[in-house]
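Engineer: I would like to see how this sequence folds:
(2 chains)
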Amino acid sequence: NAGVTQTPKFRVLKTGQSMTLLCAQDMNHEYMYWYRQDPGMGLRLIHYSVGEGTTAKGEVPDGYNVSRLKKQNFLLGLESAAPSQTSVYFCASSYGSGGETQYFGPGTRLLVL
Amino acid sequence: AQSVTQLGSHVSVSEGALVLLRCNYSSSVPPYLFWYVQYPNQGLQLLLKYTSAATLVKGINGFEAEFKKSETSFHLTKPSAHMSDAAEYFCAVKGGASGTYKYIFGTGTRLKVLA
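Structural biologist: Residues are numbered from 1 along each chain as shown, chains lettered A, B, ... in the order given. Next up, the predicted model:
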């Protein structure tokens, strides 16, 4: 049982390049989330999904797109990376919509030059 | 909009001293409340959570938190700090005005434990 995994762990991009971050969970969770973590700002929700084939915008969605084609995977895309997107990205998942615990991946550190 | 406030971005305590990390939330409806811990270069892991059962919640590693509706607070405490408690701690709220899907996180408190 691997929990939540994220690929890659670290990436350097040049401004304007694109990339996709992959999140996978093996806990059969319905809900999945993408956050970014910046110093002094806590975690901010980018996009989330309440089930396979569904996605919704969070607090800071601009510049990002997501897809949830399979229940276990949640992809975060950057179409044209900008230095402001330099951050640590965390994926999380949870079972239900109540007081369920969120389980986090180890994070992806992204540097955009 | 629902929010979470963590007072003190940095807290230092001596080893063996009481740990108190403060969290206040804004919600017209009692929400679900969580404390997470993040060790360097790792993801967040759950310490404890309040889901409308007992107001005093016990978590892992000797931590506990008390839900006080009248004060809209959910402060985290530990009687005696260990060096291994040095980490960043996040309070989060779910439910209430933010709906049942989203978790709202505070900005975090970095705990330093002095020998």
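Engineer: the residue nearest to the spatial centre of chain A and chain B, how far apart?
Structural biologist: In chain A, the residue lying closest to the centroid (Cα atoms, centre = their mean) is A:W34, at 2.9 Å. From A:W34 over to chain B the distance is 12 Å, taken as Cβ to the nearest Cβ, to the nearest Å. C-beta: built from backbone N, CA, C; applies to glycine.
Engineer: quickly find the element holding that residue.
Structural biologist: strand A:31-37 (DSSP states H and E).
Engineer: describe which strands that strand pairs with in its sheet and in which direction.
Structural biologist: Strand A:31-37 has the following strand partners under DSSP bridges: strand A:43-49 (antiparallel), strand A:87-94 (antiparallel).
Engineer: please state the offset of the first one from the chain centre?
Structural biologist: Read it as strand A:43-49. 7 Å (Cα atoms, centre = their mean, to the nearest Å).
Engineer: over to the longest one?
Structural biologist: The gap between where strand A:87-94 is centred and where its chain is centred comes out at 5 Å by Cα atoms, centre = their mean.
Engineer: for chain B, what spans make up the strands?
Structural biologist: For chain B, the strands defined by DSSP state E cover B:3-5, B:10-14, B:19-21, B:24-26, B:32-38, B:44-50, B:56-58, B:64-68, B:73-78, B:87-94, B:103-105, B:109-114.
Engineer: next, format the ones you listed as JSON lines and append distance to chain A, mean pLDDT and mean neighbour count.
Structural biologist: Converted to JSON lines, those look like this (distance: least, Cβ to the nearest Cβ, whole Å; pLDDT from 0 to 100; neighbours: other Cβ atoms under 10 Å in any protein chain shown):
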{"stretch": "strand B:3-5", "distance to chain A": "8", "mean pLDDT": "90", "mean neighbour count": "17"}
{"stretch": "strand B:10-14", "distance to chain A": "11", "mean pLDDT": "97", "mean neighbour count": "14"}
{"stretch": "strand B:19-21", "distance to chain A": "14", "mean pLDDT": "98", "mean neighbour count": "19"}
{"stretch": "strand B:24-26", "distance to chain A": "13", "mean pLDDT": "91", "mean neighbour count": "18"}
{"stretch": "strand B:32-38", "distance to chain A": "4", "mean pLDDT": "94", "mean neighbour count": "24"}
{"stretch": "strand B:44-50", "distance to chain A": "5", "mean pLDDT": "94", "mean neighbour count": "20"}
{"stretch": "strand B:56-58", "distance to chain A": "11", "mean pLDDT": "94", "mean neighbour count": "14"}
{"stretch": "strand B:64-68", "distance to chain A": "12", "mean pLDDT": "94", "mean neighbour count": "18"}
{"stretch": "strand B:73-78", "distance to chain A": "13", "mean pLDDT": "97", "mean neighbour count": "21"}
{"stretch": "strand B:87-94", "distance to chain A": "6", "mean pLDDT": "93", "mean neighbour count": "24"}
{"stretch": "strand B:103-105", "distance to chain A": "4", "mean pLDDT": "90", "mean neighbour count": "24"}
{"stretch": "strand B:109-114", "distance to chain A": "10", "mean pLDDT": "96", "mean neighbour count": "16"}
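Engineer: dump those strands to a markdown table, plus distance to A:Y64.
Structural biologist: Output for the strands of chain B, formatted as a markdown table (distance: least, Cβ to Cβ, whole Å):
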| stretch | distance to A:Y64 |
| --- | --- |
| strand B:3-5 | 23 |
| strand B:10-14 | 30 |
| strand B:19-21 | 31 |
| strand B:24-26 | 27 |
| strand B:32-38 | 22 |
| strand B:44-50 | 20 |
| strand B:56-58 | 34 |
| strand B:64-68 | 33 |
| strand B:73-78 | 30 |
| strand B:87-94 | 21 |
| strand B:103-105 | 18 |
| strand B:109-114 | 27 |
